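[1] Below are the sequence and a predicted model; questions follow.
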Amino acid sequence: MKPQVNFFIVCFCFICFTVSAEEISIDEYLDLVKKNHPFFTKEDLSTQIEEKEAESLLGAQDWMLSIEPSYSYLGKSSAPEYGAQNRIHQVGVTAGVNRSLWSTGGQLGLSFSSGYKNSDTYPSTTKAFRHGFGVSYTHPFLQNSKGKLDRLAYELSDYTIDLTEVGVLENKEDFLLDAATRFLDWVYYTEAIKIAEERLSLAEEQLEQTTKKLKANLVDKVDVLRAEDSVRISEQALIQLESQWKAKQAELAVLAVTDEIYERIPLYDLYSLEQLPKKEEAVSTLKAQSRLLKTFDILRKQLIHQRDGLEEQARAQLDFTVSGGLYGRDEDFMRSLEIYRPDASVSLVYSKPLGNRAVKAKIEKIDLQIKQIEEDKQNIGVGLEASLASLLIQITEFEKVLVLNQAQIKSAEEKTREEIKLYERGRSQLTFVIQSRDNEENAKLLYAENAALYQSLLWQYRALLDVLLGDE
């Protein structure tokens, strides 16, 4: 089988596939990427990890159970200090639960105690059982009032979650922009193949006409050879573009993690233009929607909240503690279970660090960090605005380039028609017709390439305004 026949079979199969294949838009493709690619699941896990870390901080409110069994023996050297002559045996157990109350900043404790004491007191031995229940509560009036310090770490974690979410969205958007750019490459190759197929069809038509003219002795053999070279060059260009098209299709299929792409062709209006807002309106939208700028706002709020916590630590402590309970004591075990004798105590503790230079230095450090964040935000804002201005200018200028490309294509087509007329009248060579048709093809390819670059700039513009992810 001749190579030329093989080529036509390949082209025929490719054309049949593109005619019968179902189309897929760029939005549908990006939805597949978001649904299937593990990158998006991995990014979502980042937020979930931070949320679980925040939930772990809620454990500070849990009830804490403690059980303390004990046994002590005091001999002759220590027993007299406690009213015994020779020895004291004491065994007991204390159990309790306590927890922090974030709503008040207080500490609540509940306890149960049970014990037995046996002491050698001359001239007899004394023994006693003691059981009881107790409750205690400590309330802060100054530092940690209303549980500000108790809740601080948990509240600060909310900002960390917000920062993580912003970072996740930025990463997702960068990934989608890359996927969209690859899809546009696929669209370009599709359009380039159409142009190359058209050029090949014209070259084959030219070869057929030239061959007929040679048989009629109207042209020389060299014109047939030139026409054959034109067909071969067109075939090579088409095969190369088809291989690039298939390679890009495979790349997109892997990226979307689905073989469904192998049965699709791209649907995209490569030559459509978009009316963009004026620079002032675009800058206003950028400042309102930019996630990068919002990151600095979140960091600033987090530092301010952290500063409030440090100011709370700098306050004096004034803690009021009240405790009480009901107890029973007797030498007889059963009578010791008659728990109705009350105990109670009240205390007020005041403390304040003198100087407190450590906290003051930390507060001053945070003040400097807040100023630094504000400057960073302005710096990034200027950079984003510069990028936006650059994109708007490039997009606007590319629209002018596309208009020139259209004019160039029209001129190339007119020139081709004139060259054909001159050749058919015997006033020009076939070389000029072939060259003119090549120029026409190159003009169309340049138009398609510039259109693809224009569309890529539009997607970069959307990414800069943080609109690629929609409502996420």
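    Thanks, I have the structure now.
[2] what secondary structure does Tyr116 sit in?
    Of the three states, Tyr116 takes strand according to DSSP: H, G, I helix; E, B strand; the rest coil.
[3] any idea how far it is from Gln85?
    Shown here: Tyr116 relative to Gln85, a distance of 19 Å by C-beta to C-beta, to the nearest Å. Every residue, glycine included, has its C-beta placed from N, CA and C.
[4] Pull the number of nearby residues for Glu23.
    A count of neighbours around Glu23, defined by other C-beta atoms under 10 Å, yields 11.
[5] do the one 5 residues further on as well
    Summarising burial for Glu28: neighbours were counted as other C-beta under 10 Å, giving 12.
[6] The chain: strands as residue ranges?
    Along the chain, counting by DSSP state E, strands occupy 22-25, 64-74, 88-101, 106-121, 124-140, 264-267, 317-330, 341-351.
[7] quick one, the last one and strand 124-140 angle?
    Strand 341-351 and strand 124-140 meet at an angle of 50 degrees, taking axes from the mean of the first three to the mean of the last three C-alpha atoms, to 10 degrees as the criterion.
[8] Give me the residues contacting strand 341-351.
    Applying C-beta atoms under 8 Å, 6 or more residues apart in numbering, the contact partners of strand 341-351 are 132, 134, 316-329.
[9] again with the longest one
    With contacts defined as C-beta under 8 Å, 6+ apart, strand 124-140 is touched by 84, 92, 96, 104-119, 317-333, 336-337, 339, 343.
[10] Could you tell me which of those residues count as buried?
    Among the contacts of strand 124-140, those buried by neighbour count (16 or more other C-beta atoms under 10 Å) are 84, 92, 96, 104-117, 119, 318-319, 323, 325, 327-329, 336, 339.
[11] Now for Lys294: which residues touch it?
    Val166.
[12] can you check the one 3 residues further on too?
    When the contact criterion is C-beta under 8 Å, 6+ apart, the partners of Asp297 are Lys377.
[13] how far away is it from Gly325?
    In terms of C-beta to C-beta, Asp297 sits 51 Å off from Gly325.
[14] before we move on, what about Phe141?
    Counting by C-beta to C-beta - Phe141 and Gly325 are separated by 24 Å.
[15] again with His89
    24 Å.
[16] Check whether Arg437 really touches Glu198, as I assumed.
    No: with contact defined as C-beta atoms under 8 Å, Arg437 does not reach Glu198; the gap is 9.8 Å.
[17] Between these two, which has more neighbouring residues?
    Arg437 (23 against 15).
[18] quick one: that one and Gly426, what's the gap?
    Arg437 sits 19 Å away from Gly426, taking C-beta to C-beta as the criterion.
[19] same check, this time on Tyr82
    135 Å.
[20] go on, Val257?
    Relative to Gly426, Val257 is positioned 61 Å away (criterion: C-beta to C-beta).
[21] do the same with Ala443
    Look at Ala443 and Gly426: by C-beta to C-beta, they are 27 Å apart.
[22] With neighbour numbers in mind, choose between those two.
    Higher neighbour count among Ala443 and Gly426: Ala443, with 20 against 9, using other C-beta under 10 Å.
[23] so the more buried one makes contact with Asn405?
    Yes: counting by C-beta under 8 Å, Asn405 is a contact partner of Ala443 at 6.9 Å.
[24] which residues does the residue most central in space within the chain contact?
    The structure's the chain has its C-alpha centroid closest to Val168; by C-alpha atoms, centre = their mean the separation is 1.2 Å. Taking C-beta under 8 Å, 6+ apart, we find Val168 in contact with Glu43, Asp44, Ser46, Thr47.
[25] Equivalent analysis for Ser72, please.
    Contacts for Ser72 (C-beta under 8 Å, 6+ apart) come out as Ile88, His89, Gln90, Val91.
[26] Can you select the buried ones from the residues you listed in PyMOL?
    Of the contacts of Ser72, the buried ones go into a single PyMOL selection, burial set by 16+ other C-beta under 10 Å:
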select buried, resi 88+89+90
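[27] From the contacts of Ser72, pick the one nearest Leu469.
    Closest approach to Leu469 among the contacts of Ser72 (C-beta to C-beta): Val91, at 67.1 Å.
[28] Start from the N-terminal end of this structure and give the helices.
    For the chain, applying DSSP state H gives helices covering 3-20, 26-36, 38-57, 148-215, 221-256, 279-289, 291-314, 333-336, 357-424, 430-464.
[29] Can you check what angle separates the third one from helix 26-36?
    Between the axis of helix 38-57 and that of helix 26-36 there is an angle of 50 degrees, by the same axes, to 10 degrees.
[30] tally of neighbours for the residue nearest to Phe40 when sequence neighbours are not counted?
    Excluding the flanking residues, the one nearest Phe40 by C-beta to C-beta, 6 or more residues apart in numbering is Lys34, at 5.5 Å. For Lys34, the count of nearby residues is 18 (other C-beta under 10 Å).
[31] which residues touch Lys34?
    Phe40, Lys172, Leu176.
[32] mind listing what the first one touches?
    Residues in contact with Phe40, defined by C-beta under 8 Å, 6+ apart, are Val33, Lys34, Lys172, Phe175.
[33] For it, give its distance to Asp466.
    17 Å.
[34] can you list the domain ranges for this structure.
    16-54+153-301+369-464, 64-101+106-143+317-351 (automatic domain parsing).
[35] For the ones you listed, could you give me CSV that also reports distance to Arg357?
    Formatted as CSV, the domains of the chain follow (distance: least, C-beta to C-beta, whole Å):
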stretch, distance to Arg357
domain 16-54+153-301+369-464, 19
domain 64-101+106-143+317-351, 17
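[36] Could you tell me the least trusted of those?
    Across the domains of the chain, the stretch with the lowest average pLDDT is domain 64-101+106-143+317-351; it has a mean of 89.
[37] re the thing from before, filter the contacts of Phe40 down to just the buried residues.
    Buried among those (16+ other C-beta under 10 Å): Val33, Lys34, Lys172, Phe175.
[38] Out of those, which two are the most distant from each other?
    Greatest spatial distance in those: Val33 and Lys172, 9.9 Å, computed using C-beta to C-beta.
[39] coming back round to it: right, and the strands of the chain - which one's nearest Phe432?
    Across the strands of the chain, Phe432 has its closest neighbour in strand 264-267 (36.0 Å, C-beta to C-beta).
[40] What strands line up against that closest one, and which way round?
    Take DSSP bridges as the rule and strand 264-267 pairs in its sheet with strand 22-25 (parallel).
[41] Now the partner strand: buried residues?
    Neighbour counts using 16+ other C-beta under 10 Å place Ile24 of strand 22-25 among the buried residues.
[42] which residues are in contact with it?
    By C-beta under 8 Å, 6+ apart, the residues outside strand 22-25 that reach it are Ile261, Glu263, Arg264, Ile265, Pro266, Leu267, Tyr268.
[43] ok, now with 6 Å
    By C-beta atoms under 6 Å, 6 or more residues apart in numbering, the list of residues contacting strand 22-25 from outside reads Arg264, Ile265, Leu267.
[44] Alright, that wraps it up for me.
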